[in-house]
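> model this:
(2 chains)
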Amino acid sequence: GESVGLHLPTLSVQEGDNSIINCAYSNSASDYFIWYKQESGKGPQFIIDIRSNMDKRQGQRVTVLLNKTVKHLSLQIAATQPGDSAVYFCAENTYGNKLVFGAGTILRVKS
Amino acid sequence: DVKVTQSSRYLVKRTGEKVFLECVQDMDHENMFWYRQDPGLGLRLIYFSYDVKMKEKGDIPEGYSVSREKKERFSLILESASTNQTSMYLCATVQNSGNTIYFGEGSWLTVV
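Numbering: from 1, shown residues only, chains lettered A, B, ... in the order given. Purely as a prediction, here's the structure:
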(Lines give C-alpha, C1' and ligand atoms only; values in the text may rest on other atoms or scores of the structure.)
Protein backbone atom coordinates (compact mmCIF):
# COMPACT_ATOMS: atom_id res chain seq x y z
CA GLY A 1 0.00 0.00 0.00
CA GLU A 2 0.98 3.63 -0.03
CA SER A 3 2.93 5.42 2.64
CA VAL A 4 1.19 8.64 3.47
CA GLY A 5 3.06 11.39 5.19
CA LEU A 6 4.73 14.73 4.80
CA HIS A 7 8.32 13.58 5.12
CA LEU A 8 10.35 10.83 3.56
CA PRO A 9 12.61 8.82 5.85
CA THR A 10 16.13 10.16 5.65
CA LEU A 11 19.42 8.35 6.02
CA SER A 12 22.51 10.47 6.67
CA VAL A 13 25.89 8.82 6.26
CA GLN A 14 29.48 9.97 6.27
CA GLU A 15 31.37 9.84 2.99
CA GLY A 16 33.17 6.54 2.74
CA ASP A 17 30.82 4.66 5.04
CA ASN A 18 28.47 1.96 3.85
CA SER A 19 24.75 2.75 3.48
CA ILE A 20 21.82 0.43 3.95
CA ILE A 21 18.41 1.47 2.69
CA ASN A 22 15.45 -0.70 3.62
CA CYS A 23 12.13 -1.38 2.00
CA ALA A 24 9.13 -3.48 2.98
CA TYR A 25 6.96 -4.77 0.18
CA SER A 26 3.35 -5.81 0.38
CA ASN A 27 2.60 -8.61 -2.09
CA SER A 28 3.99 -12.06 -1.35
CA ALA A 29 3.31 -13.00 -5.00
CA SER A 30 5.69 -10.34 -6.34
CA ASP A 31 8.43 -11.99 -8.35
CA TYR A 32 10.73 -9.16 -9.32
CA PHE A 33 12.12 -6.18 -7.45
CA ILE A 34 14.04 -3.11 -8.55
CA TRP A 35 15.87 -0.28 -6.85
CA TYR A 36 15.82 3.17 -8.42
CA LYS A 37 17.80 6.31 -7.69
CA GLN A 38 16.28 9.71 -8.31
CA GLU A 39 18.32 12.86 -8.21
CA SER A 40 16.72 16.24 -7.81
CA GLY A 41 14.86 17.37 -10.93
CA LYS A 42 15.40 14.10 -12.79
CA GLY A 43 13.47 10.91 -13.46
CA PRO A 44 14.26 7.68 -11.59
CA GLN A 45 17.27 5.71 -12.80
CA PHE A 46 17.62 1.94 -12.59
CA ILE A 47 20.25 0.75 -10.10
CA ILE A 48 19.85 -2.98 -9.61
CA ASP A 49 17.20 -5.67 -9.72
CA ILE A 50 16.60 -9.09 -8.21
CA ARG A 51 14.21 -11.94 -8.91
CA SER A 52 12.33 -13.76 -6.21
CA ASN A 53 14.34 -16.96 -6.73
CA MET A 54 17.44 -15.17 -5.43
CA ASP A 55 18.25 -13.68 -2.04
CA LYS A 56 21.27 -11.59 -2.99
CA ARG A 57 22.62 -9.86 -6.05
CA GLN A 58 25.68 -7.67 -6.38
CA GLY A 59 26.49 -4.86 -8.74
CA GLN A 60 29.16 -2.24 -8.81
CA ARG A 61 29.32 -0.91 -5.22
CA VAL A 62 25.72 -1.97 -4.66
CA THR A 63 24.15 -5.12 -3.26
CA VAL A 64 20.47 -5.97 -3.02
CA LEU A 65 19.23 -8.42 -0.41
CA LEU A 66 15.81 -10.03 -0.53
CA ASN A 67 14.14 -11.70 2.44
CA LYS A 68 10.88 -13.20 1.22
CA THR A 69 9.96 -14.56 4.63
CA VAL A 70 9.45 -11.08 6.03
CA LYS A 71 8.88 -9.34 2.66
CA HIS A 72 11.89 -7.12 3.05
CA LEU A 73 14.30 -5.70 0.53
CA SER A 74 17.48 -3.77 1.21
CA LEU A 75 20.00 -1.85 -0.85
CA GLN A 76 23.56 -1.66 0.37
CA ILE A 77 25.91 0.95 -1.05
CA ALA A 78 29.59 0.46 -0.32
CA ALA A 79 31.91 3.41 0.29
CA THR A 80 29.15 5.97 -0.12
CA GLN A 81 30.08 9.03 -2.14
CA PRO A 82 28.55 12.53 -2.34
CA GLY A 83 27.19 11.63 -5.79
CA ASP A 84 25.08 8.93 -4.14
CA SER A 85 22.92 11.59 -2.46
CA ALA A 86 19.43 11.11 -3.88
CA VAL A 87 16.04 9.61 -3.18
CA TYR A 88 15.99 5.82 -3.47
CA PHE A 89 12.85 3.88 -4.36
CA CYS A 90 12.19 0.19 -4.26
CA ALA A 91 9.61 -1.27 -6.62
CA GLU A 92 7.89 -4.64 -6.76
CA ASN A 93 6.50 -6.27 -9.88
CA THR A 94 3.08 -7.58 -8.88
CA TYR A 95 1.96 -8.95 -12.25
CA GLY A 96 2.92 -8.33 -15.83
CA ASN A 97 4.97 -5.17 -15.94
CA LYS A 98 2.94 -3.18 -13.44
CA LEU A 99 5.29 -1.90 -10.79
CA VAL A 100 4.30 -0.73 -7.34
CA PHE A 101 6.72 1.76 -5.83
CA GLY A 102 7.58 2.54 -2.25
CA ALA A 103 7.47 6.13 -1.01
CA GLY A 104 11.24 6.51 -1.13
CA THR A 105 14.15 7.16 1.23
CA ILE A 106 16.39 10.22 1.11
CA LEU A 107 20.10 9.45 1.31
CA ARG A 108 22.30 12.36 2.40
CA VAL A 109 26.06 11.94 2.24
CA LYS A 110 28.13 14.18 4.49
CA SER A 111 31.63 15.08 3.38
CA ASP B 1 20.57 3.78 -24.89
CA VAL B 2 16.83 3.99 -24.43
CA LYS B 3 15.54 7.50 -24.68
CA VAL B 4 12.22 8.55 -23.17
CA THR B 5 11.43 12.17 -23.92
CA GLN B 6 8.88 14.30 -22.18
CA SER B 7 8.68 17.43 -24.28
CA SER B 8 7.30 19.72 -21.59
CA ARG B 9 9.48 19.95 -18.47
CA TYR B 10 7.71 22.81 -16.69
CA LEU B 11 4.13 23.97 -17.22
CA VAL B 12 1.83 26.37 -15.44
CA LYS B 13 -1.85 26.04 -16.30
CA ARG B 14 -5.08 27.57 -15.04
CA THR B 15 -7.84 25.63 -13.36
CA GLY B 16 -10.22 24.25 -15.99
CA GLU B 17 -7.69 24.28 -18.82
CA LYS B 18 -7.09 21.19 -20.93
CA VAL B 19 -3.55 19.95 -20.57
CA PHE B 20 -1.57 17.58 -22.80
CA LEU B 21 1.60 15.89 -21.62
CA GLU B 22 3.50 14.17 -24.39
CA CYS B 23 5.91 11.27 -24.10
CA VAL B 24 7.97 9.76 -26.92
CA GLN B 25 10.26 6.73 -26.77
CA ASP B 26 12.74 5.63 -29.40
CA MET B 27 13.21 1.92 -28.60
CA ASP B 28 10.05 0.37 -30.04
CA HIS B 29 8.86 -0.75 -26.62
CA GLU B 30 5.32 -2.06 -26.37
CA ASN B 31 4.50 -0.91 -22.86
CA MET B 32 4.22 2.70 -21.77
CA PHE B 33 3.14 4.18 -18.46
CA TRP B 34 2.21 7.47 -16.87
CA TYR B 35 2.94 8.03 -13.19
CA ARG B 36 2.58 11.00 -10.93
CA GLN B 37 4.98 11.61 -8.10
CA ASP B 38 4.06 13.48 -4.94
CA PRO B 39 6.06 13.99 -1.73
CA GLY B 40 5.61 11.11 0.66
CA LEU B 41 3.46 9.12 -1.76
CA GLY B 42 6.09 7.80 -4.14
CA LEU B 43 5.13 7.05 -7.72
CA ARG B 44 1.51 6.23 -8.42
CA LEU B 45 0.33 4.71 -11.68
CA ILE B 46 -2.27 6.72 -13.60
CA TYR B 47 -2.64 4.80 -16.88
CA PHE B 48 -0.65 2.34 -18.93
CA SER B 49 -0.76 0.95 -22.43
CA TYR B 50 0.37 -2.42 -23.77
CA ASP B 51 -0.02 -1.57 -27.44
CA VAL B 52 -1.23 1.03 -29.89
CA LYS B 53 -4.80 2.12 -29.16
CA MET B 54 -4.85 0.02 -25.99
CA LYS B 55 -5.05 1.55 -22.52
CA GLU B 56 -5.58 0.33 -18.99
CA LYS B 57 -6.43 2.26 -15.85
CA GLY B 58 -3.82 2.36 -13.18
CA ASP B 59 -4.35 3.14 -9.52
CA ILE B 60 -5.41 6.79 -9.83
CA PRO B 61 -7.01 7.35 -13.27
CA GLU B 62 -9.68 9.84 -12.14
CA GLY B 63 -9.37 13.19 -13.88
CA TYR B 64 -7.04 11.82 -16.56
CA SER B 65 -7.25 10.19 -19.95
CA VAL B 66 -4.59 8.90 -22.33
CA SER B 67 -4.01 8.43 -26.04
CA ARG B 68 -1.74 5.94 -27.84
CA GLU B 69 -2.20 6.43 -31.57
CA LYS B 70 1.39 5.50 -32.42
CA LYS B 71 3.65 3.00 -30.72
CA GLU B 72 6.29 5.55 -29.81
CA ARG B 73 3.97 8.18 -28.36
CA PHE B 74 1.83 8.08 -25.21
CA SER B 75 -0.07 11.20 -24.24
CA LEU B 76 -1.58 12.06 -20.87
CA ILE B 77 -4.58 14.38 -20.98
CA LEU B 78 -6.10 16.42 -18.20
CA GLU B 79 -9.51 17.37 -19.58
CA SER B 80 -10.09 20.08 -16.98
CA ALA B 81 -7.06 20.72 -14.82
CA SER B 82 -7.54 21.14 -11.09
CA THR B 83 -5.19 22.35 -8.40
CA ASN B 84 -4.89 18.86 -6.91
CA GLN B 85 -3.30 17.75 -10.15
CA THR B 86 -0.29 19.92 -9.44
CA SER B 87 2.46 17.32 -9.43
CA MET B 88 5.44 15.86 -11.22
CA TYR B 89 4.44 13.47 -14.00
CA LEU B 90 6.71 10.70 -15.19
CA CYS B 91 6.42 8.71 -18.38
CA ALA B 92 8.02 5.28 -18.57
CA THR B 93 8.49 2.46 -21.04
CA VAL B 94 9.45 -1.23 -21.01
CA GLN B 95 9.70 -4.04 -23.55
CA ASN B 96 7.31 -6.99 -23.44
CA SER B 97 10.25 -9.33 -22.98
CA GLY B 98 12.02 -7.17 -20.45
CA ASN B 99 11.44 -6.09 -16.91
CA THR B 100 13.50 -2.94 -16.66
CA ILE B 101 11.44 0.20 -16.84
CA TYR B 102 12.95 3.38 -18.27
CA PHE B 103 11.75 6.78 -17.16
CA GLY B 104 11.60 10.17 -18.78
CA GLU B 105 12.97 13.24 -17.03
CA GLY B 106 9.57 14.27 -15.71
CA SER B 107 7.10 17.08 -16.33
CA TRP B 108 6.42 19.52 -13.52
CA LEU B 109 2.84 20.76 -13.75
CA THR B 110 1.47 23.58 -11.61
CA VAL B 111 -2.26 24.30 -11.78
CA VAL B 112 -3.24 27.70 -10.43
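> Would you agree A:Phe89 is in contact with B:Leu43?
Yes: assessed by CB atoms under 8 Å, A:Phe89 is found in contact with B:Leu43 at 6.9 Å. Glycine gets a C-beta too; all of them are placed from N, C-alpha and C.
> Return the helix or strand in chain B with minimum mean pLDDT.
The least trusted helix or strand in chain B, going by mean pLDDT, DSSP states H and E, turns out to be strand B:102-103, with a mean of 87.
> Can you tell me the strand partners of that strand and which way each runs?
strand B:87-94 (antiparallel) (DSSP bridges).
> where do the strands sit along the chain?
In the absence of a named chain, this looks at chain A. A:10-14, A:19-24, A:32-38, A:45-51, A:56-58, A:62-67, A:72-77, A:86-95, A:98-101, A:105-110 (DSSP state E).
> right idea, wrong chain: chain B
So, for chain B - with DSSP E - the strands run B:4-6, B:10-13, B:19-25, B:31-38, B:42-49, B:56-57, B:65-70, B:73-78, B:87-94, B:102-103, B:107-111.
> Counting by contacts, list what the third one packs against.
Yep, that's strand B:19-25 we're talking about. Packing partners of strand B:19-25 (3 or more CB pairs under 8 Å, 6 or more residues apart in numbering or on different chains; DSSP states H and E): strand B:4-6, strand B:10-13, strand B:31-38, strand B:73-78, strand B:87-94, strand B:107-111.
> In that strand, which residues are buried?
By 16 or more other CB atoms under 10 Å in any protein chain shown, the buried positions in strand B:19-25 come out as B:Val19, B:Leu21, B:Glu22, B:Cys23, B:Val24, B:Gln25.
> how far does the least confident helix or strand of chain B sit from the chain's center?
The chain centroid and the centroid of strand B:102-103 are separated by 11 Å, computed with CA atoms, centre = their mean, to the nearest Å.
> Count the residues that sit near whichever residue of chain A sits closest to chain B.
Nearest to chain B, among the residues of chain A, is A:Gly43, at 3.6 Å (CB to the nearest CB). A:Gly43 has 22 neighbours, counted by other CB atoms under 10 Å in any protein chain shown.
> Local confidence estimate at it?
Per-residue pLDDT puts A:Gly43 at 83.
> ok, now A:Gly1?
35.
> show me where pLDDT drops low in chain B?
Counting by pLDDT under 70, chain B shows low-confidence ranges at B:1-2, B:96-99.
> what's the distance between B:Ile60 and B:Tyr35?
9 Å (CB to CB, to the nearest Å).
> Comparing the two, which shows the higher neighbour count?
B:Tyr35 (29 against 14).
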